[in-house]
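Engineer: model this:
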Amino acid sequence: MASTKSRMKWYPWLIKPYKKIIRLHERKKAHHAILIKTQKGMGVFKLVWFISKWLLCLKPKGTNFCDNCHGCKLMSANNHPDWHTIINEKNDVFDVDSIRVINEKIFKRAQQGNNKIIFLPNVHKLTESAVNALLKILEEPPEKNWFFLIDYNYLKLHSTLKSRCFLYRLPLPLEKESLNWLKNNNKKDNISNLTSLRINQDSPISAKNFIESDLWDERKNLYKSLSHSIKDKNLLKILPVLCKKNTIMKIDWICLLLFDAVKTNFNERKKLINCDQIKLINFFSKKYNNILLNKSIRKWTKCRYILSSVSSINSELLLLEQLLLWEKILCFITP
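Structural biologist: Purely as a prediction, here's the structure:
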């Protein structure tokens, strides 16, 4: 039987929380509903899946599931009749009908063993009526029904819903741990991995996905184009790059670069995000004070807001105006 550590080797930061929650079950002290608060890009779905596999295993040994019984084989085939994940793929909310589906499942007898699992990701998508319906279920659920809820939104979660659950905070790994994992799971250099990790708010899986995607090359091309346009004192040269695709994201990357220049002016180099763009950051920090840098950030933020909120806007014209305005701020042209 493979150990838990070897099975979870891709996400080593999940081993400790996995064992902690399993041991609560071993001591019969586990709450029937666990609300996991975390950040995207942590592999929390896999954590819930492994815990569920242990709960549905017919012959668990300590904190390990056997991986050989009928229950484990059904889970490995994503076909276990007592593991229910409620995912609404049609729209962006979970309504009362979604909760009715849960209600129907929990009052039916388990088909394998005794336990049943209800997995509800993205609980912030619950409508008010859905929350109220879920609260009734969580108040007195049938025995051997285990609920796992995921919250990626720390501010808007219903307070009563939190009170009905055992709150478990899944913390981010230490930066050093994430970098070691990234080093072992891609061929990028340490500076690139560190940059991707910080761009993705220290979520290691998001960092890995980002650095292996076309977005990584788009970001590098944007900064390369920006460097050339600064050299020529003609920011309009980056207009085609901005307009091509992922415009909102590219504005975010410009703002992150400017924030790094502000940090540099405050001697906060250890907190830089774009660690692979030091030359460009140094240009902005040495050439411009924080008043002008903050003004640039505000103008780009306003441009981003208009692009994302006004569907009928002529994006190319708006970006053209923004780049001309930015040239004035940076004194490329006189007012």
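Engineer: switch to C-alpha atoms for all contacts and neighbour counts from now on
Structural biologist: Fine.
Engineer: Tell me how far the residue most central in space within the chain lies from residue 215.
Structural biologist: Relative to the mean C-alpha position of the chain, the nearest C-alpha, by C-alpha atoms, centre = their mean, is the one of residue 40, at 2.1 Å. Separation of residue 40 from residue 215 (C-alpha to C-alpha, to the nearest Å): 18 Å.
Engineer: Pull out the buried positions in stretch 190-208.
Structural biologist: Residues of stretch 190-208 classed as buried: 192-200, 202-208 (neighbour count, 16 or more other C-alpha atoms under 10 Å).
Engineer: Identify the residues contacting the helix or strand hosting residue 160?
Structural biologist: Assigned by DSSP states H and E, residue 160 falls within helix 159-163. With contact meaning C-alpha atoms under 8 Å, 6 or more residues apart in numbering, helix 159-163 is reached by 35, 131, 135.
Engineer: Those in helices, which ones?
Structural biologist: Those of the contacts of helix 159-163 mapping onto helices are 131, 135, per DSSP state H.
Engineer: Which of the contacts of helix 159-163 lies at the shortest distance from residue 81?
Structural biologist: residue 35 (22.6 Å; C-alpha to C-alpha).
Engineer: Can you read off the pLDDT for that closest one?
Structural biologist: At residue 35, the pLDDT value in this model is 93.
Engineer: unless I'm mixing things up, it is touching residue 158, no?
Structural biologist: No: Residue 35 lies out of contact with residue 158 (C-alpha atoms under 8 Å); the separation is 11.9 Å.
Engineer: These two: who's more crowded?
Structural biologist: Neighbours were counted for residue 35 and for residue 158 using other C-alpha atoms under 10 Å; residue 35 has more, 23 against 14.
Engineer: Against residue 296, how distant is the more buried one?
Structural biologist: From residue 35 to residue 296 the distance is 40 Å (C-alpha to C-alpha).
Engineer: Also residue 75?
Structural biologist: 52 Å.
Engineer: again with residue 39
Structural biologist: 29 Å.
Engineer: Backbone torsions only: list them for the residue nearest to the centre of the chain.
Structural biologist: phi -60, psi 150 (degrees, to the nearest 10).
Engineer: Do I have it right that it meets residue 202?
Structural biologist: No: the pair residue 40 / residue 202 is not scored as a contact, 9.9 Å apart, by C-alpha under 8 Å.
Engineer: what's in contact with stretch 119-137?
Structural biologist: 48, 83-87, 92-99, 103, 147-153, 156-158, 160-161, 164.
Engineer: Please apply the same query to stretch 322-335.
Structural biologist: 233, 234, 235, 236, 239, 288, 292, 295, 296, 299, 300, 303.
Engineer: which two of these lie the greatest distance from each other?
Structural biologist: For the contacts of stretch 322-335, and using C-alpha to C-alpha, no pair is farther apart than 239 and 288, which are 22.4 Å apart.
Engineer: For burial, what's the neighbour tally of residue 262?
Structural biologist: 24.
Engineer: and it, that one's in a strand?
Structural biologist: No: read with DSSP: H, G, I helix; E, B strand; the rest coil, residue 262 is helix and lies in no strand.
Engineer: Please report how far it lies from residue 189.
Structural biologist: Distance from residue 262 to residue 189, by C-alpha to C-alpha: 26 Å.
Engineer: Pairing partners for the very next helix or strand once past the helix holding residue 160, with directions?
Structural biologist: Next along the chain after helix 159-163, taking DSSP H and E as the criterion, comes strand 166-169. Applying DSSP bridges to the sheet, strand 166-169 is found paired with strand 33-37 (parallel).
Engineer: Show residues contacting the partner strand.
Structural biologist: Applying C-alpha under 8 Å, 6+ apart, the contact partners of strand 33-37 are 138, 146-154, 162, 164-170.
Engineer: Might you report the residue contacts of residue 208?
Structural biologist: Neighbours of residue 208 in contact, by C-alpha under 8 Å, 6+ apart: 182, 185, 186, 193, 196, 197.
Engineer: Repeat the analysis, applying 7 Å as the threshold.
Structural biologist: By C-alpha atoms under 7 Å, 6 or more residues apart in numbering, residue 208 lies in contact with residue 182.
Engineer: mind showing which ranges of this protein have poor pLDDT?
Structural biologist: Low-confidence regions of the chain, defined by pLDDT under 70, span residues 1-10, 88-91, 153-157, 333-335.
Engineer: Alright, I will stop here.
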